[in-house]
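> Got a sequence here, can you model it:
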Amino acid sequence: MDRIVLIFFILITHGVPAENSSNTISIYAHEEDAVFLPLPEHLLNQTDYVWKKGKEHIATSFRNGSIHIPDLKYRDILNSSHDGSLIIKAQEWGNKDKYSVDVKMNDSLSTIHYFVKVQNHKFIPHAKGPINVSATVGGKCTLPLEDGDYERSKIVKIDWLTKRWAYFAETKTDGVISILEDIYEGKLSSSPEGCLIFNNVRKRNQGVYRACIFLNNGKIFEQMYQVSISDHNYISHAKGPNVEPDFDERTSTDSASDSENIINIHLVTISVLIGVSIFTIVLVTIYRYNIYQHKSNKGKMETMFDPKEYNKTRTNHDTSHLESQTHSQTHSCVTFPATSPTPPMVPLL
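Numbering: from 1, shown residues only. As a prediction, this is how the structure comes out:
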């Protein structure tokens, strides 16, 4: 399907239609390729589409991709894409065939005419996989032309497209570039060989790109690119050539390294200050604790050497001992009468 869409896109944008009106689309295709009759964007998401060849009803397609073919002779020839567009099998169409589609919209009928013509160029799709290209933000990114499949001297021009088939630039082997999209003005340039160069690249520039290389022998070679944009000064050499940093890029890299060193110094300084602060807090805590212990011990010593306090404490502690001693002495002493008893009188004889 990608191949069919690309063929249609390239050829419809480079041919001069025999009929040109607001509701006529000219389709150019190689005789060996299928023909893709695309629905205009403003007609998408309608219920059904009635297709005709000349005045003959050949099929009805639907927006879900299904198709109804009433005539048996067309059932092996026609097919529908996912949006209802019509696909005609290769070698089953002729030069200058006319097709049309009727679309009913808001009680009105809209008809689009297709004029199919044979294209002399032969499209050769890229079969080796995308060429990986890497660059850094702010630098340059070159999409190179791959050698081997064609001679550089035979190149007429190179069309550059995005992954979604947006045709945005054209280069030639003399270094001339034509920018077709305003958003790329001042951001693209060409090498003397016709390679496309992105200047001052940004993250949004990464993605898939296509180069359609037109040769003077009627062939169109396709090359695909996978562009990766990095924030760091690392460029992968996985596949295909990459961009060497220029003077401005090296200067910006050196500045970035200096900034990184300054940041590291600041981090070390902050870490040292935090460590000193924690150590100071510990020392102050220990010092205050020692002062508190010293004052507490000093109060105890003053109480110990104060005579009044000492006697009070001594009296309180010795009272029970004295009372016990007095009680013991009271029970152990002998009481004598105050005066001696008068001796008895003995009568004399």
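
> Show me what whatever helix or strand V103 lives in is packed up against.
Counting by DSSP states H and E, the element that carries V103 is strand 98-105. In terms of contacts (3 or more C-beta pairs under 8 Å, 6 or more residues apart in numbering; DSSP states H and E), strand 98-105 is packed against strand 48-53, strand 86-88, strand 108-118. Heads up, the C-betas are built off the backbone N, CA and C, glycines and all.

> what is the orientation angle of the longest one with strand 98-105?
In other words, strand 108-118. Computed by axes from the mean of the first three to the mean of the last three C-alpha atoms, to 10 degrees, the angle separating strand 108-118 from strand 98-105 equals 160 degrees.

> just to revisit the earlier point, please enumerate residues in contact with the strand holding V103?
37, 39, 43, 46-54, 86, 88, 109-116 (C-beta atoms under 8 Å, 6 or more residues apart in numbering).

> buried stuff in it?
Of all the residues in strand 98-105, those buried under the rule 16 or more other C-beta atoms under 10 Å are Y99, S100, V101, V103.

> possible to save those as JSON lines with pLDDT?
As requested, these are exported to JSON lines (pLDDT from 0 to 100):
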{"residue": "Y99", "pLDDT": "92"}
{"residue": "S100", "pLDDT": "93"}
{"residue": "V101", "pLDDT": "93"}
{"residue": "V103", "pLDDT": "91"}
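
> Report the two of the residues you listed separated the most.
Using C-beta to C-beta, these span at most 13.6 Å, a distance reached by Y99 and V103.

> What separation do you get for H113 and N264?
As judged by C-beta to C-beta, to the nearest Å, H113 and N264 stand 69 Å apart.

> Show me what the residue nearest to G54 when sequence neighbours are not counted is bridged to.
Spatially, and ignoring its direct neighbours in sequence, G54 is nearest to K98 (6.0 Å; C-beta to C-beta, 6 or more residues apart in numbering). In this entry, K98 is beta-bridged to F115, by DSSP bridges.

> Likewise for the one 10 residues further on?
With DSSP bridges applied, S108 shows beta-bridge pairing to M105.

> Which parts of the stretch 1-150 of the chain are helices?
For the stretch 1-150 of the chain, the helices defined by DSSP state H, counting those that start in this stretch cover 2-14.

> which regions of this structure sit below the pLDDT cut-off?
1-22, 28, 119-123, 164-165, 232-261, 298-349 (pLDDT under 70).

> mind giving me the domain split of it?
Per the record, the chain has its domains at 2-120, 123-245, 249-314, by automatic domain parsing.

> tell me the angle the strand holding V103 makes with strand 48-53.
Strand 98-105 runs at 160 degrees relative to strand 48-53, counting by the same axes, to 10 degrees.

> give me the element L267 is part of.
Here L267 sits within helix 247-304, counting by DSSP H and E.

> Nearest to D159, out of the helices and strands packed on strand 98-105?
Between these, strand 108-118 lies closest to D159; by C-beta to C-beta that is 19.1 Å.

> just checking, what packs against the closest one?
Looks like strand 108-118 contacts strand 24-29, strand 98-105 (3+ C-beta pairs under 8 Å, 6+ apart).

> As TSV, those with distance to N200 would be great.
Shown next, in TSV, are these (distance: least, C-beta to C-beta, whole Å):
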stretch	distance to N200
strand 24-29	37
strand 98-105	45
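
> and the gap between K128 and N199?
Counting by C-beta to C-beta, the gap from K128 to N199 is 27 Å.

> same check, this time on S80
43 Å.

> quick one, which of those two is more surrounded?
S80 (22 against 12; other C-beta atoms under 10 Å).

> Check whether that one really touches S66, as I assumed.
Yes: between S80 and S66 there is a contact at 6.7 Å, judged by C-beta atoms under 8 Å.

> Tell me which of the helices and strands packed on strand 98-105 is the most buried.
Using mean count of other C-beta atoms under 10 Å, the stretch among these with the largest mean neighbour count is strand 86-88, at a mean of 22.

> Output the contacting helices and strands for it.
Under the contact criterion of 3+ C-beta pairs under 8 Å, 6+ apart, strand 86-88 touches strand 35-37, strand 78-80, strand 98-105.

> and with 7 Å instead?
Packing partners of strand 86-88 (3 or more C-beta pairs under 7 Å, 6 or more residues apart in numbering; DSSP states H and E): strand 35-37, strand 78-80.

> of these, which approaches S191 most closely?
Of all those, strand 35-37 sits nearest to S191, with 33.3 Å by C-beta to C-beta.

> S81 and I262: what is the separation?
For S81, the distance to I262 (C-beta to C-beta) stands at 58 Å.

> Looking at the two, which is more packed in?
S81 (18 against 10).

> Now the more buried one: phi and psi?
Backbone geometry at S81, expressed as degrees, to the nearest 10, gives phi -80, psi -180.

> Verify the stated contact: it with I87.
Yes: using C-beta atoms under 7 Å, S81 makes contact with I87 at a distance of 6.1 Å.

> Look up the closest residue to T47, ignoring the ones flanking it.
T47 sits nearest to R63 (C-beta to C-beta, 6+ apart), 6.7 Å away.

> A135 bridge partners, please.
Counting by DSSP bridges, A135 is bridged to I229.

> Fine, thanks again, bye for now.
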